[in-house]
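**Q** Fold the following, please.
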Amino acid sequence: MGFAGDAADGSLQSCTGVKLVADLTTTFTFASHQNAIPIIRSIRIENQTTEVLERARLELAATPAFLRAKTWVIDRIGVKEEITLSDRRLDLDPAYLAGLDEAERGDVTLKLIAGDRVIAEAIVPVRLLARDEWGGVADMSQLLPAFVMPNDPAVYQTLRAAAERLSGHGHSSALDGYQSGDPKRTFMLTAAIYAAVAGMGLHYAQPPVSFERRGQKVRKPTKIARDGLATCLDTTLLFAAALEGAGLNPVVILLDGHACVAVWLVKRTLPRTVEEDVAELRKAVAARELVVFETTGVTSRPVTTFQHAQKLGEEALDEEATRRFICAIDIARSRSAGIMPLASHESADHEPLKADDDETPDLPLPPAPDFPMPGDRSQRQRPVVLRAGRTNYSISRCAIVFSTFRTRTSAPSAFFAPILLISKIGLLTARPSS
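**A** Modelled structure (predicted):
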């Protein structure tokens, strides 16, 4: 938001006719420093007077001192001219942010000074979050992957348990990501990780209201394992960390008051790091490229099976779902953009994770999926592509969309006659995909 002299929003401008407009990030946490999130979006100074402004300085300071003070020298601003600062670098104080265990409120103050006189001032209120706190999608959607921590010791224990479950069911115990090129192998890796987390004997903890927008404190995997408690966001980030640790590409899905997780069965990502179009996920699920599953089933008694968790996850993306889709955050694409996981600062010397709850069974793995999937060369055929002008349409992908649409509608077959007619009269021509 820009502050340019409206006293109602906590900023102040003198009567000199010089306007100071500051657009700053207003929510900070330790992950902001670690991932070099820009603090200043823009700072603009407008000289609306009839005199040239010379030899001024702009001073920035924060209360409390969570960032280091800075001064810019403004050599000259002509009459009715404006300048935008090109030097926008500010340094956060990592020690201060790392030491916060509760949220605080603060201010960033900017003063434009000419000689010994303050000619414009802006005060920007900010939120300083605890080290383990995420600020919600409004301010920190891009930073949520920092709380996906695949190097936490509890994740190593979870992956070891998953490997043992794979071996115990006759599969290779290798956590080999996409190396096999077989989506069925990816599915079984995911199912094994689900069974391993289910074996931790976790119990559900109620999240704060509207956490997806306002944020919440996030339990690290080791704390989840130690305390045996987790919110839906905690279990979602735990699964995402384990999936990433196994070499897979997870996706965190935020709904209205809820969170769940997905994983790519093939090595790919969403078109955008933060995807707000649920249709992208629905298409990937329909194409059997993405598996979505509910994560709080591991806190139920009895534990929800992976197959049922998958069913619940797909229903959450349905058009008739009760919870509104907020966004999906692709972890692999986020890593490519430079958002790195927080360090856990936990010792690797931990006892193997064991559930204290006798009601938590050793969840069996589901059978390997028997439906045709991308990458399954034994069932794959070369798709035919329909060409209309310069646009190509894959029959294999169109068939999925057609099937999904026909299932959800009661339209008669005659509804699709125009499509067949178009193909017959040559407006669409079929050719093999290259």
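**Q** what does stretch 44-55 contact?
**A** 16-22, 58, 73-85, 112, 114-115, 119-120 (Cβ atoms under 8 Å, 6 or more residues apart in numbering). Where you see a C-beta, it was placed from the backbone N, CA and C, and this is true even at glycine.
**Q** Tell me the bridge partners for the spatially most central residue of the chain.
**A** With distances taken as Cα atoms, centre = their mean, residue 329 lies nearest the centre of the chain, 3.0 Å away. The partner list for residue 329 in beta bridges (DSSP bridges) reads residue 252, residue 274.
**Q** Return the residues in contact with it.
**A** Residue 329 makes contact with 141-142, 144-145, 251-254, 273-275 under the criterion Cβ under 8 Å, 6+ apart.
**Q** picking that back up, narrow the contacts of stretch 44-55 to just the buried residues.
**A** 16-22, 58, 74, 77, 83, 112, 114, 119-120 (16 or more other Cβ atoms under 10 Å).
**Q** What about the residues you listed, which are in strands?
**A** Counting by DSSP state E, the part of those found in strands is 18-22, 58, 74, 77, 83, 112, 114, 119-120.
**Q** Just give me the closest of the contacts of residue 329 to residue 317.
**A** residue 253 (7.7 Å; Cβ to Cβ).
**Q** what's the neighbour count on the closest one?
**A** 25 (other Cβ atoms under 10 Å).
**Q** which ones are touching it?
**A** Applying Cβ under 8 Å, 6+ apart, the residues near residue 253 are 236, 259-262, 281, 292, 316-317, 325, 327-329.
**Q** would you list those in TSV and tack on distance to residue 221?
**A** Shown next, in TSV, are these (distance: Cβ to Cβ, whole Å):
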residue	distance to residue 221
236	12
259	16
260	17
261	14
262	19
281	25
292	21
316	23
317	26
325	26
327	23
328	21
329	18
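**Q** Relative to residue 344, which of those is nearest.
**A** Looking across the contacts of residue 253 and measuring by Cβ to Cβ, the closest to residue 344 is residue 236, at 17.5 Å.
**Q** Against residue 231, how distant is the closest residue to that closest one other than its chain neighbours?
**A** Spatial nearest neighbour of residue 236, chain neighbours left out: residue 259 (4.3 Å); criterion: Cβ to Cβ, 6 or more residues apart in numbering. Distance of residue 259 to residue 231, computed by Cβ to Cβ, to the nearest Å: 8 Å.
**Q** Residue 292 now?
**A** 19 Å.
**Q** before we move on, what about residue 242?
**A** For residue 242, the distance to residue 231 - Cβ to Cβ - is 17 Å.
**Q** and what of residue 117?
**A** 52 Å.
**Q** got it, and residue 190?
**A** Residue 190 is 21 Å from residue 231, by Cβ to Cβ.
**Q** do residue 261 as well
**A** Taking Cβ to Cβ, one finds residue 261 at 13 Å from residue 231.
**Q** more neighbours, those two?
**A** Shown here are residue 261 and residue 231; by other Cβ under 10 Å, residue 261 has more neighbours (29 against 24).
**Q** Surely residue 32 is in a helix?
**A** Yes. Counting by DSSP: H, G, I helix; E, B strand; the rest coil, residue 32 is part of a helix.
**Q** Could you give the number of residues near it?
**A** 24.
**Q** Next up, the contacts around it.
**A** 25, 92, 97, 143.
**Q** Out of these, which is nearest to residue 169?
**A** residue 143 (37.4 Å).
**Q** between the buried ones among the contacts of stretch 44-55, which is nearest residue 179?
**A** Using Cβ to Cβ, these come closest to residue 179 at residue 22, 49.6 Å.
**Q** is that closest one in a bridge, and if so with what?
**A** Beta-bridge partners, per DSSP bridges, of residue 22: residue 3, residue 43.
**Q** let's number from 42 now, not from 1
**A** Got it, the first residue is 42 from now on, which makes the last one we talked about residue 63.
**Q** wait, it sits on residue 84?
**A** Yes. Between residue 63 and residue 84 there is a contact under Cβ atoms under 8 Å: 5.1 Å.
**Q** Now do the shared contacts for those two.
**A** residue 151.
**Q** which stretches of the stretch 192-341 of the chain form strands?
**A** Using DSSP state E, counting those that start in this stretch, the strands of the stretch 192-341 of the chain run over 244-245, 257-258, 270-271, 291-296, 299-305, 315-316, 331-334.
**Q** what inclination does the helix or strand following the last one have with respect to strand 299-305?
**A** Spelled out, it's strand 331-334. Sequence-wise, the next helix or strand downstream of strand 331-334 (DSSP states H and E) is helix 347-357. Interaxial angle, helix 347-357 versus strand 299-305 (axes from the mean of the first three to the mean of the last three Cα atoms, to 10 degrees): 110 degrees.
**Q** Strand 291-296 and helix 347-357, what's the angle between them?
**A** Using the same axes, to 10 degrees: helix 347-357 against strand 291-296 is 50 degrees.
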